[in-house]
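**Student:** Okay, here's the prediction I keep looking at, along with the sequence it came from:
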Amino acid sequence: MTTTGLGDRRVYNPRGCEVNAVLHCNLRCRSCSHLSPIMPPWFADPERVRRDLSRLARSYHCEFVKILGGEPLLHPRLTEIIRVIRESSIAKRIVICTNGSLLHSARSEVWSMVDEIEISVYPSNVIPNDRLDDFRRRAREHGTDLSVRLSPVFRESYSEMGTEDGNLIDQIFRTCQIAHVWRCHTVHEGYFYPCPQSYFIHRLRHANPEDSGDGLEIRDEDFADDLRRHIDSATGPSACRWCLGSVGRRFAHEQVSRRQWAELAKEPTEALLDRQLLTELENNINVESHGKVRLEEGPIPDAWTRP
Ligand code: SF4
Ligand code: SF4
């Protein structure tokens, strides 16, 4: 991590920091890395988000804040969350990441208050093209960027059993694009985590993320040096022991029941690993791995909309 280049010594992330507006979702994607299909309803408190980000902004700056979840449009006070993020000045841009299924009923303020809405389209939840046209029209009206990503495949995200193999844990951490390329930091309930997984994995294991040491408590003072050390740690968070990072096995996206969702992670890390990708990423960490396709102008292809 570098300094901001803004004449101060804050930690600067050239990518984004994530804020979960909710933890639950109206879809049940297999291997959702935020555990949303098995999470009870939970709504972020805008005042808590305000406190966390205004404190953090004294020591940290990033290019964008992503508001996600779960499905963030389930939050009834979403505009308040957007407002407190904007007022914190922690980032230039605010992006909402949504599965798009509730976007048609989002209030106009949501469109006008954010810089970008990013829709992930899954084969089991395809947005009709006339609705997509309407989203594009609303985006133009509000001067908001709209990006659409087709996500036909997912990767295994976690192993509840984990691995005892220290070399493998190191390899998974070293090749982790989430931590080293996309730099998806996460702020949640008073703590800063170097990646979303270092919060969520402890929830999967019924442990308290705050006791894991993976999160750094956000303090009401300059703590940029501690933050830099935490982010740049050579060993990675303890969560790496149960995480597949970028190298989980790939599968066609599907939605599953809550019970199936929990069962599927009950395999050891070794059984859920894409070893070929692990080798490729060791040679080049920028190899494309996620299988998402950005949809430029035009309709969602026929193959996606056929039953
Ligand atoms: S849409 Fe799917 S991947 Fe996204 S939060 Fe919901 S369950 Fe998870
Ligand atoms: S827990 Fe480790 S492997 Fe998983 S995303 Fe975080 S840094 Fe990467």
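**Tutor:** Received the coordinates, thanks. Numbering: from 1, shown residues only. Ligands and ions are numbered 1, 2, ... in the order given.
**Student:** E63 in helix, strand or coil?
**Tutor:** Classification of E63 using DSSP: H, G, I helix; E, B strand; the rest coil returns strand.
**Student:** Go ahead and confirm it touches R15.
**Tutor:** Yes: the pair E63 and R15 qualifies as a contact (C-beta atoms under 8 Å) at a distance of 6.1 Å. Where C-beta positions appear, they are placed from N, C-alpha and C, glycine not excepted.
**Student:** Can you name the residue of the stretch 1-150 of the chain nearest to ligand 2?
**Tutor:** Here the stretch 1-150 of the chain gets closest to ligand 2 at one residue, S33, 8.1 Å apart by C-beta to the nearest ligand atom.
**Student:** now the closest residue to that residue other than its chain neighbours: how far from ligand 2?
**Tutor:** Among residues not flanking S33 along the chain, S157 sits closest, at 4.1 Å (C-beta to C-beta, 6 or more residues apart in numbering). Separation of S157 from ligand 2 (C-beta to the nearest ligand atom, to the nearest Å): 8 Å.
**Student:** do G248 as well
**Tutor:** 10 Å.
**Student:** which residues touch the residue nearest to S33?
**Tutor:** Residues in contact with S157 (C-beta atoms under 8 Å, 6 or more residues apart in numbering) are S31, C32, S33, Q197, C243, L244, G248.
**Student:** Stretch 19-34 close to ligand 1?
**Tutor:** Yes: under the criterion of C-beta under 6 Å from any ligand atom, ligand 1 is reached by stretch 19-34 at C25, L27, R28, C29, C32, H34.
**Student:** Can you give me the neighbour number for the residue nearest to T269 when sequence neighbours are not counted?
**Tutor:** Excluding its sequence neighbours, the residue lying closest to T269 (C-beta to C-beta, 6+ apart) is T163, at 3.8 Å. A count of neighbours around T163, defined by other C-beta atoms under 10 Å, yields 20.
**Student:** helices or strands up against the longest helix along the chain?
**Tutor:** Counting by DSSP state H, the longest helix found in the chain is helix 129-142. Counting contacts by 3 or more C-beta pairs under 8 Å, 6 or more residues apart in numbering; DSSP states H and E, helix 129-142 packs against helix 108-113, strand 116-121, strand 145-150.
**Student:** mind saving the C-alpha coords of that helix as CSV?
**Tutor:** The C-alpha trace of helix 129-142 is given here as CSV (Å, rounded to 0.1, in the frame of the first residue of the first chain):
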residue,chain,number,x,y,z
ASN,A,129,-34.0,-6.9,-21.8
ASP,A,130,-36.8,-4.3,-21.7
ARG,A,131,-36.0,-3.8,-18.0
LEU,A,132,-32.3,-3.5,-18.8
ASP,A,133,-33.2,-0.8,-21.4
ASP,A,134,-35.2,1.0,-18.6
PHE,A,135,-32.1,0.8,-16.3
ARG,A,136,-29.9,2.3,-19.0
ARG,A,137,-32.4,5.1,-19.5
ARG,A,138,-32.6,5.9,-15.8
ALA,A,139,-28.8,5.8,-15.6
ARG,A,140,-28.5,8.4,-18.4
GLU,A,141,-31.2,10.6,-16.7
HIS,A,142,-29.4,10.6,-13.4
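**Student:** What lies in contact with that helix?
**Tutor:** 100, 103-104, 108, 111-112, 117, 119, 127, 144-146, 148, 297, 299-300, 305.
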